Structures are given as C-alpha cells and as structure tokens.
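Undergrad: sequence plus the predicted model coming up.
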Amino acid sequence: MELKAALYLIPVNISDAPLGDVIPDGNLPVVKGIRHMIVENLRTARRFLKRWDKSFDIDSITFYELNGHTDSRVISSYLDPLRRGEPVGVMSEAGCPAVADPGASVVEIAQREGLPVHPLVGPSSILMSLMGSGFNGQGFAFNGYLPIDEKERLRAIRDLESIASKKGQTQIFIETPYRNNRMVKFLAENLRHDTLLCVACDITDPEKESIQTRPASQWKNCKENYDKRPAIFLIHREGGERR
C-alpha cells in the first residue's frame, strides 16, 4: 500500500479481546506500509505487531523508543524520515497514542513544523468509560493522575468535585493500577455522599469488563478487586447539567 508521507497515530488494544473486535481492518495495510515506528516500548510494540499479523516483517522496521527515559534532545530526530518524505508511525503501550501518552511530544513537533498528522481509529478507554458512565458527555475533562500526597490529593478531589457541581462537567482521572482499591476507598470516604462515582475497568475485555456508577456512599462496601487492572475513574454531581 502506497502511503502519503505523514505521522500516523496507531491505536493498539487495551485488553485481551481479539484484535479484530477493537481495531479496524483498514488499519493493518496502513501500518504495513510504515518502515519507521516511534513506540513507547520496543518489546511490546514488536509483540503487538506480530500478534496483529504473524507475517509482519518486523526486521524491516526501524524503531525509536519514546518514553520517560528518552532524552528530549533526540525526539525531533525521530521525524527525520518524515521530513524526507517517508511515513512514520506512533504507537502507545495501550489505546490511542498521544492521549495521556508520551507520543504527544512528537505530535507537537510535527504540528509546529506543519508536517501532516493522521490519527487512525481505535479504542480509547477514556471515551469508552465516559460513554458507559451515564455522565455528561458534552462537558468533561480528563485530569490524568491525581497527586500522590494524601493532602494534595484531597485538595484535588475537592476541586474536581466543585467543578463537577458548578459546571456539570464530568471529571475523569486515572490511578496506577496497583493502587486502584485504595483510590476507590479514598473516594468513597472523601467525596460527598451523593456525588456519583463511576469505576470503569478492563474496557473492551469480553469477560472482565466492568462499568459501575453509584453514589459515593454506596462504594464504601465495595467488594470488587480493582487492583492490577486498568481502570478509569469518573465523578459527576447530580445537580450538574446533563445533556
């Protein structure tokens, strides 16, 4: 497949669901036409491509790692093939690249230089959890990780709850998976009793997916084990506007 020179943003799976259930068939021929790939982790990227298509010629691809350990001074050079007129791909560890993902830095460079950027269709746990929550999908904010320090975290929760109440804006955030149970407990104890909390876990997994919305007071006796599972947390105030 002859590709136009662009920075292609390539979504990957977010669960163990069959790839055909979550990744459009049309993405594969696009990815097969790319010989320069910016990835968060080389090992998992190679594994994903081989799982997608066992005939994938991994050795023909030049990989560039972009993660928290990457020297910021070299990131721009990853786009040199694109500057020469060759397509370049960006892959995340999970879901959509450049959304809560270090790939955003290379997209920023491409946009600044006027280089073409082309996002492909794929699963986003953030949007899918919002879809399933029953919360306001017209006004929402993704806040990434909350502070680790308990006092700062409490302050952040109070701020998000206030915004949810005043603006009717759904507030979305995430936690390191091994601390998910502690987050549920923290929210149940510190949110107003009638603030709605949704915990969306294992999105797209045909067996383990769980999306539950309840008032904060009803989460205090939660029996579900969310630790070591990918989860999204959403809060909404009943008094806030819904559309």
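TA: That came through, no problem. All values derive from a computational prediction rather than experimental measurement.

Undergrad: give me the low-pLDDT residue ranges for the chain?
TA: Applying pLDDT under 70 to the chain flags the ranges 1, 239-243.

Undergrad: in this structure, which spans are helices?
TA: Listed from the start of the chain, the chain has helices (DSSP state H) covering 19-22, 27-32, 42-52, 80-83, 104-112, 125-133, 150-167, 180-190.

Undergrad: any idea which of these is most buried?
TA: Per-residue neighbour counts averaged over each of those give the maximum for helix 125-133, namely a mean of 20 (mean count of other Cβ atoms under 10 Å). Where C-beta positions appear, they are placed from N, C-alpha and C, glycine not excepted.

Undergrad: hang on, the earlier thing: for the helices of the chain, please prepare a markdown table with the additional fields distance to residue 202.
TA: Rendered in a markdown table, the data for those read as follows (distance: least, Cβ to Cβ, whole Å):
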| stretch | distance to residue 202 |
| --- | --- |
| helix 19-22 | 12 |
| helix 27-32 | 22 |
| helix 42-52 | 18 |
| helix 80-83 | 35 |
| helix 104-112 | 25 |
| helix 125-133 | 9 |
| helix 150-167 | 24 |
| helix 180-190 | 11 |
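
Undergrad: could you work out which of those reaches nearest to residue 220?
TA: Among the helices of the chain, the nearest to residue 220 by Cβ to Cβ is helix 180-190 (4.5 Å).

Undergrad: and the helices of the chain: which comes nearest residue 210?
TA: Shortest distance between residue 210 and the helices of the chain, using Cβ to Cβ, is found for helix 125-133: 9.8 Å.

Undergrad: quick one: distance of that closest one to the chain centre.
TA: Between the centre of helix 125-133 and the centre of its host chain there is 11 Å, according to Cα atoms, centre = their mean, to the nearest Å.

Undergrad: do stretch 171-184 as well
TA: Here the centre of stretch 171-184 is set off from its chain's centre by 14 Å, with Cα atoms, centre = their mean.

Undergrad: compute the first-to-last residue distance for that stretch.
TA: End-to-end distance for stretch 171-184: 15 Å, by Cα to Cα, to the nearest Å.

Undergrad: contacting residues around residue 23?
TA: Residues touching residue 23, when contacts are defined by Cβ atoms under 8 Å, 6 or more residues apart in numbering, comprise 11, 12, 13, 52, 122, 123.
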